[in-house]
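**Q** here you go, sequence then predicted model.
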Amino acid sequence: MSDEISRDDLGSVEYGATAAPEPAASAERRRPSREGRHAMPEQDPQRRAHNFDEVTLGYTPELARAEADRCLQCKNPSCEGGCPVGVHIRDFIGAILTDDMPASVAWLKKRNALPAVCGRVCPQESQCESQCILAKRGEAVAIGRLERYVADWDRSHSLEERHSAEPAPASGRRVAVIGSGPAGLACAGELAQRGHAVEVFESLHTGGGVLAYGIPEFRLPKAILADEIASLERLGVAFHYNEPVGKITDARELLESEGFDAIFIGIGAGLPLFLEIPGENLNGVYSSNEFLTRVNFMHAANFPTYDTPVWRGHEVMVVGGGNVAMDAARTAVRMGAAQVTLVYRRTEAEMPARAEELHHAKEEGVQVRELCGPIAIEGNTGWVTGLCVQHMELGEPDASGRRRPVAVEGSEEVIPCDTVIIAVGTKAHKQVAEITDVKLTDRGYLATDEDGRTSDPRIYAGGDIVTGAATVILAMGAGKKAAAAIDDFLAKS
Ligand code: FAD
Ligand code: SF4
């Protein structure tokens, strides 16, 4: 499928009357502004700390136009080089400026099948926005906020009214996609567009992977995800839930007995890592995955209306400094903990979490204990009573470029708490070997070439199960790339 798109193509997009843009801005108003970026309205921190509603509220049409006005519409848009899927950033912003919202949606969706998701959770500050020419002299254009605005404008229309490119004629070929996270969804969408019959096998009862069970409702409302999946179903993608491949069937059977011509594996890498310190088996210790899954996915916050309980800690320690730790801490706040503290071995400056997430967490009352390395979890009668930490200082940079934490002898301290949530990363599940016997890396991930080909020419893979824990947009990029390689394979076989 050609990636080129013309104004004529876009002219055929029809939308209903809802949320139509305001009259065109005058040419004078469109002169780019060098002033700082426009803030996005948010729920008040005191209020949002007690609810699971979305924290950020999105740009109004006026704010979106004012922010779009800051874009210089560069001849060579450097921002696009920072986007892992190469979104046509200049053009989708340019269409906001001319009040042509259908065209803006079409430009955006040309390269990104899940813009409402990416507009909310992508780390734009280290991707497209870091490459925006304005970032060199001040503040980058708020590309992520504009992406969300355009995607939400699209979502305010019914599925039938929304822009979707016409899929290619049916090829008669069948592809199985294992896992419905962002990698699987992006691959499925791309293959369906190319005319192939796609069936997604998902072990859980609903789709989306981490987008569903990990990222909390207050950052990514589940209705948005349901909407994106409904768009794929409309495109003809079939979803089989509660079907863990490797248990009932496996890749060989799908290919040799079930009649699939190719397979994409996007099963993520969700096996939690622990600290391997004494006391990790005490009651009150959670992996971040278990805690977030119970609260966000199984509605533990609404127990007993929903039947999955969760221990509601009073004094909660969250170990880690990434986005997952922020999600766990902010969820614990909303579950009613009196005190939530992030415990991190380095300082805030080295935290891998998005600056925005840390800022939001602190606004909601989360405390940070920097330079503390947990060495044991203390307990009484089987329950957590404290986290024993050793104080650290920063040494020379390690392989990641961040300064290495070095333990300070004799600095141990026990911080009283009743809950410890461990958010120090995940790894590939051994179950991958039950799905397929293709080559694995030394660390147990699927080994692929850069287009997602495994050692079996009929089997492709992408996302966290190839790269290790990464980001939504990288998983989507891998899914799209593999879809192109699968398309190529099907054309030749
Ligand atoms: P996953 O999203 O893990 O999806 C894999 C799917 O495969 C799951 O649905 C799983 O149930 C299914 N599956 C597994 N085994 C089988 C099987 N045998 N048969 C069938 N189905 C199977 N990234 C960002 O860019 N921004 C963020 O803000 C962000 N926040 C995060 C917050 C949390 C709490 C977590 C855990 C991660 C976060 N990430 C974030 C990372 C991002 O979500 C992942 O990198 C991304 O989801 C990986 O996508 P994936 O498709 O490879 O795998
Ligand atoms: Fe606009 Fe920045 Fe991209 Fe230039 S680099 S087109 S100013 S977003």
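**A** Nice, thanks for sending it over. Numbering: from 1, shown residues only. Ligands and ions are numbered 1, 2, ... in the order given.
**Q** could you pull out the strands for the stretch 101-250 of the chain?
**A** Ranges of strands within the stretch 101-250 of the chain are 174-178, 197-201, 238-240, based on DSSP state E, counting those that start in this stretch.
**Q** got TSV for those, with distance to ligand 1, mean pLDDT and mean neighbour count too?
**A** All C-beta atoms are positioned from the backbone trio N, CA, C, and that covers glycine. Converted to TSV, the strands of the stretch 101-250 of the chain look like this (distance: least, CB to the nearest ligand atom, whole Å; pLDDT from 0 to 100; neighbours: other CB atoms under 10 Å):
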stretch	distance to ligand 1	mean pLDDT	mean neighbour count
strand 174-178	5	98	27
strand 197-201	5	98	23
strand 238-240	9	97	16
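**Q** would you map out the domains in this protein?
**A** 11-155, 174-270+428-492, 272-425 (automatic domain parsing).
**Q** out of these, which is the most enclosed?
**A** domain 174-270+428-492 (a mean of 21; mean count of other CB atoms under 10 Å).
**Q** how long is that one end to end?
**A** 14 Å (CA to CA, to the nearest Å).
**Q** helix, strand, or coil at G373?
**A** strand (DSSP: H, G, I helix; E, B strand; the rest coil).
**Q** partners of it in the sheet?
**A** Q390 (DSSP bridges).
**Q** quick one: contacts for the residue in the stretch 1-150 of the chain that ligand 1 sits nearest to?
**A** Ligand 1 sits closest to V121 of the stretch 1-150 of the chain, with a gap of 3.8 Å, by CB to the nearest ligand atom. Going by CB atoms under 8 Å, 6 or more residues apart in numbering, V121 touches L211, I215, R219, L220, V472.
**Q** ok, the first one - contacts?
**A** For L211, the contacting residues are V117, V121, G181, P182, L220, L225, V472, by CB under 8 Å, 6+ apart.
**Q** that one and ligand 2: what is the separation?
**A** According to CB to the nearest ligand atom, to the nearest Å, L211 and ligand 2 sit 26 Å apart.
**Q** how far off centre is stretch 398-405?
**A** When distances are taken as CA atoms, centre = their mean, to the nearest Å, stretch 398-405 is centred 25 Å away from the chain's centroid.
**Q** quick one: pLDDT of R403?
**A** What the model reports for R403 is a pLDDT of 85.
**Q** who's it bridged to?
**A** Assigned bridge partners for R403, using DSSP bridges, are P397.
**Q** what residues are up against it?
**A** By CB under 8 Å, 6+ apart, the residues touching R403 are R346, E350, L394, G395, E396, P397.
**Q** nearest to ligand 1, of these?
**A** Taking those together and measuring to ligand 1 by CB to the nearest ligand atom, the closest member is E350, at 18.4 Å.
**Q** what's the distance between the closest one and P182?
**A** 27 Å (CB to CB, to the nearest Å).
**Q** wait, V198 touches F239, no?
**A** No. Using CB atoms under 8 Å, V198 makes no contact with F239, being 9.6 Å away.
**Q** can you tell me which of the contacts of L211 is closest to H88?
**A** V117 (17.8 Å; CB to CB).
**Q** which residues touch that closest one?
**A** With CB under 8 Å, 6+ apart, V117 has these contacts: P182, L211, L220, I224, L225, E228, V472.
**Q** so the fourth one sits against R155, correct?
**A** Translated: I224. Yes. With contact defined as CB under 8 Å, I224 and R155 form a contacting pair (7.2 Å).
**Q** need the residues touching each of those two.
**A** A116.
**Q** picking up where we left off before, closest one of the contacts of R403 to C79?
**A** Nearest member of those to C79, counting by CB to CB, is E350, at 26.4 Å.
**Q** from ligand 1, how far off is the residue lying closest to the closest one once chain neighbours are set aside?
**A** Spatially, and ignoring its direct neighbours in sequence, E350 is nearest to R402 (4.4 Å; CB to CB, 6 or more residues apart in numbering). To ligand 1, R402 is 19 Å away according to CB to the nearest ligand atom.
**Q** cool, and S231?
**A** 17 Å.
**Q** go on, A469?
**A** For A469 relative to ligand 1 (CB to the nearest ligand atom), the value is 6 Å.
**Q** dump the residue contacts of that residue.
**A** Taking CB under 8 Å, 6+ apart as the contact definition, A469 lies against A269, G425, T426.
**Q** just want the residue of the stretch 101-250 of the chain that's nearest ligand 2.
**A** C132 (3.3 Å).
**Q** the stretch 301-450 of the chain too?
**A** For the stretch 301-450 of the chain, CB to the nearest ligand atom, closest residue to ligand 2: E356, 18.4 Å.
**Q** name the element that residue belongs to?
**A** helix 355-363 (DSSP states H and E).
**Q** give the pairing partners of the following helix or strand past that helix; include direction for each.
**A** Once the chain leaves helix 355-363, the next helix or strand it forms, by DSSP H and E, is strand 367-369. Strand 367-369 has the following strand partners under DSSP bridges: strand 339-343 (parallel).
**Q** what parts of the chain come near ligand 1?
**A** In this structure, the chain approaches ligand 1 at residues 121-123, 178-184, 201-204, 209-210, 214-215, 244-246, 266-268, 270, 292, 323-324, 327, 431, 435, 463-465, 469-473, 475, judged by CB under 6 Å from any ligand atom.
**Q** take those and keep only those in helices.
**A** 121, 182-184, 210, 292, 323-324, 327, 435, 464-465, 472-473, 475 (DSSP state H).
**Q** so which of those comes closest to V340?
**A** Nearest member of those to V340, counting by CB to CB, is D327, at 11.9 Å.
**Q** not counting sequence-adjacent ones, nearest residue to that closest one?
**A** P216 (5.4 Å).
**Q** on the three-state scheme, P405 is what?
**A** strand.
**Q** show me the helices in the stretch 51-200 of the chain, by range?
**A** Secondary structure of the stretch 51-200 of the chain (DSSP state H, counting those that start in this stretch): helices at 61-68, 78-81, 89-97, 101-111, 115-121, 128-131, 143-155, 182-193.
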